[in-house]
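Novice: Sequence plus the predicted model coming up.
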Amino acid sequence: MSQLKKSLGLSFVTQYSEMAIQFIGVMFLARLITPEEIGIYSVAAFLMALLHVFRDFGVGKYLIQVEELTAERIRSAYGVAIILAWGIALLLYACAPLVARFYDEPRVVDILAVMACSFAVTPLGGLLTSIFRRNMQFKKILIVRVVSSVSHVITAVSLGYQGYGALSLAWANFAGILSFGIAAVVLRDKGTPFVPSFRKIREILSFGSVNSLGNIVTVLGTNGPDVIIGKAISLAASGYFSRANGLVQMFRTLVNGAIVPLVLPYFAQLRREKGDPALAYRAAVEYLTVFAWPFYAVMALLALPTVRVLFGLQWDASVPVVQVLCIMGAAVCLTSFAGDVMIAFGKVGQATASQVLTQPVRILAILVASPFGLVAVAVALVLAECYTVAITSRQLYAATGIELAGVLRATGKSALVTLTSAIGPAMVMLLFMNGKHPWLELVVGACGALVGWFAGIVLTGHPIKAHLYQAREWVAMRMRG
C-alpha cells in the first residue's frame, strides 16, 4: 500500500507539473492563434490520433500486462513499434494532399508533414515509459514528461509569436515527442535492450490486434466532433468546440491523467494476488467522483468567467458548449477505469467489445446533431455517453463481476458533496455574474465552491475525509520540523 501511495503521489506531481506548464502555454496561445487555426490543427490532429492507434498497436499495454517481461519480448516490441511508426509516418505524409483537398485548406499539408516526422521518432521513448509504468518507476516518468512539456510549450509559444499559426502547434508536438524520447533513453535502466528483434512478433500482434480495434473506434468517437463539425459547420466552429471540450477535459488531465497510468498495473497485480476487483473498483470511483462531480458542477456554473479569464472574449461561443459537456464529463467518471480493469483481468475482448458497441453510436449522434449547431452536438454527446455507461458496465460485469448498482451506491456521498460545492458558485451566478469582472467572479465562485466542498466532506463523512486529515497532519509535521 505504501508503494501504491508513493506511486500515486508521484503520478499526481507529474500530472500537475505538466498541467501547469501546458496551462501557461494555452493562455498565451489562445491570444496568438485564432479559432480557425485551432480548428485546422484539430482536423490534422484527429488523423494523427487515428493513425497513432496503429502505431501503438497495444504494444505498451502488452509490456505492462504480460506475466514475464523478458529481454526478447522487449526487443520484439521495439521491432514492431519501429515498423509501424515508420510505415504510418510515410502513409501520413502521402495522405496530406488528399486531406487538404477534402477540407479545401492547403495549410493542412505542412502540418501533416511535420506530424509525419513526429511519428517517426515516437518509438524512441514510448516503450521505455511503458516499462517504467510496469515497474512503478514514476519518478522517471515525472522527469520525462516535464522535459517534454517544457519543450512543447516553448516551441509553440515561440513559433506562435512569430506568426506560424497552426503550424506552430505541429512543430511543438514534434519537439515534445523528440525530447520525451531522448529523456527516456537517458533514464532507462542499465541492461534494458535497445536493439529491435522480431522473434515474439506473433505474440505481440495477437494481443495488439484485439486491443487496437477498440482503440480505433475510441479515437473515432473521441475526435469525431472536431472532424465532423469542421466539415458540417466550419473550421472556426470546430475550434470553438475543441476549446470547450479541452476545458471540460481539464479534470481528466488534472486527476484522471494521474490515476489512469496506475490502473492497469495495479489491477493486474490484484488479479495475480486473487484480490477483490469489485471492492477496489467501487473505492476508486468513490474517490474519483468526490473530486470530479464538484469540478464539473462548478465549471458549468462558472463557464463564462472561466472562458474569459483563460482565453479571452473571442471564445465566448464556447460557453454554452462547456456547460452541456460538463454533464457528459460527470457520466464518464462511472466507467473511466473500466477498460484498463478488463484488460488487467485478461479480458481484452470485453474491453474492445464495449468500444465497438458504443463509439459508432457516438459518431452517429454527432452526425445527426451537427446541422443544428454546437450545443445540439454537445447534447447528443451527453445522450451517447449515457448509453456508453450502460453498455460498458454490462461488459465490465461480464468480465469481472463488478455491478453498476454497487458502483452507483458508492457515489451517494459524492453526490451530496457536489450539491454543497455548487451553492457558492450558484449564488455568484444569480447575484452578480455578468461577465464584466470575470476574474472577480471566478475567484469568488471558486472560493465558495472550495468552502462548500470541505463542508460537504465533513457533513457526509466521506472516506476522503480521513486522507485529508492525514495530509494536514503531514504538512503540520513538515512545518514544525
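Specialist: Cool, got the structure. Values in this document were obtained by computation on a predicted structure and should not be read as measured data.
Novice: Only C-alpha atoms from now on, for both contacts and neighbour counts.
Specialist: Noted.
Novice: Flag the shaky bits of the stretch 251-400 of the chain, pLDDT-wise.
Specialist: 253-262 (pLDDT under 70).
Novice: And the helices in it?
Specialist: 257-272, 277-301, 303-310, 319-332, 338-344, 348-369, 374-400 (DSSP state H, counting those that start in this stretch).
Novice: Run through who's touching the shortest one.
Specialist: Under the contact criterion Cα atoms under 8 Å, 6 or more residues apart in numbering, helix 338-344 has outside partners 65, 263-265, 267-268, 271, 348, 350-351, 392-393, 396, 399-400.
Novice: any idea which of these is the one closest to Val458?
Specialist: For those, the residue nearest Val458 by Cα to Cα is Val263; the value is 28.0 Å.
Novice: what's the farthest-apart pair in the contacts of helix 338-344?
Specialist: Counting by Cα to Cα, the most remote pair of those is Gln65 and Ser393, 22.0 Å apart.
Novice: Report the residue ranges of every domain in this structure.
Specialist: Here the domain parsing of the chain from automatic domain parsing is 1-232, 238-481.
Novice: Same list, these, but as TSV with mean neighbour count please.
Specialist: Formatted as TSV, these follow (neighbours: other Cα atoms under 10 Å):
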stretch	mean neighbour count
domain 1-232	20
domain 238-481	19
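Novice: measure Gly239 to Tyr469 for me?
Specialist: 43 Å (Cα to Cα, to the nearest Å).
Novice: Ok, Leu374 next?
Specialist: 43 Å.
Novice: ok, back up a step: ok, which of the helices of the stretch 251-400 of the chain comes nearest Phe198?
Specialist: Closest of these to Phe198 is helix 348-369, at 23.1 Å (criterion: Cα to Cα).
Novice: The closest one to helix 374-400, inter-axis angle?
Specialist: Computed by axes from the mean of the first three to the mean of the last three Cα atoms, to 10 degrees, the angle separating helix 348-369 from helix 374-400 equals 160 degrees.
Novice: Now do helix 348-369: which elements does it pack against?
Specialist: helix 201-232, helix 338-344, helix 374-400 (3 or more Cα pairs under 8 Å, 6 or more residues apart in numbering; DSSP states H and E).
Novice: From Phe432, how far out is Leu459?
Specialist: 28 Å.
Novice: okay but Leu63 is in contact with Thr70, surely?
Specialist: No. Counting by Cα atoms under 8 Å, Leu63 does not reach Thr70; the two are 9.5 Å apart.
Novice: what mean pLDDT does the host helix or strand of Gly126 have?
Specialist: According to DSSP states H and E, Gly126 maps onto helix 123-134. What helix 123-134 shows for mean pLDDT is 78.
Novice: what separates it from the chain centre, distance-wise?
Specialist: Remark: helix 123-134 is offset 18 Å from the chain centroid, using Cα atoms, centre = their mean, to the nearest Å.
Novice: Give me the contacts around the helix or strand just after it.
Specialist: Of the helices and strands lying after helix 123-134 in sequence (DSSP H and E), the nearest is helix 138-161. Residues outside helix 138-161 that contact it (Cα under 8 Å, 6+ apart): 7, 10-11, 13-14, 17-18, 21-22, 25, 28-29, 32-33, 129, 132-133, 165-166, 168-169, 171-181, 183-184, 187.
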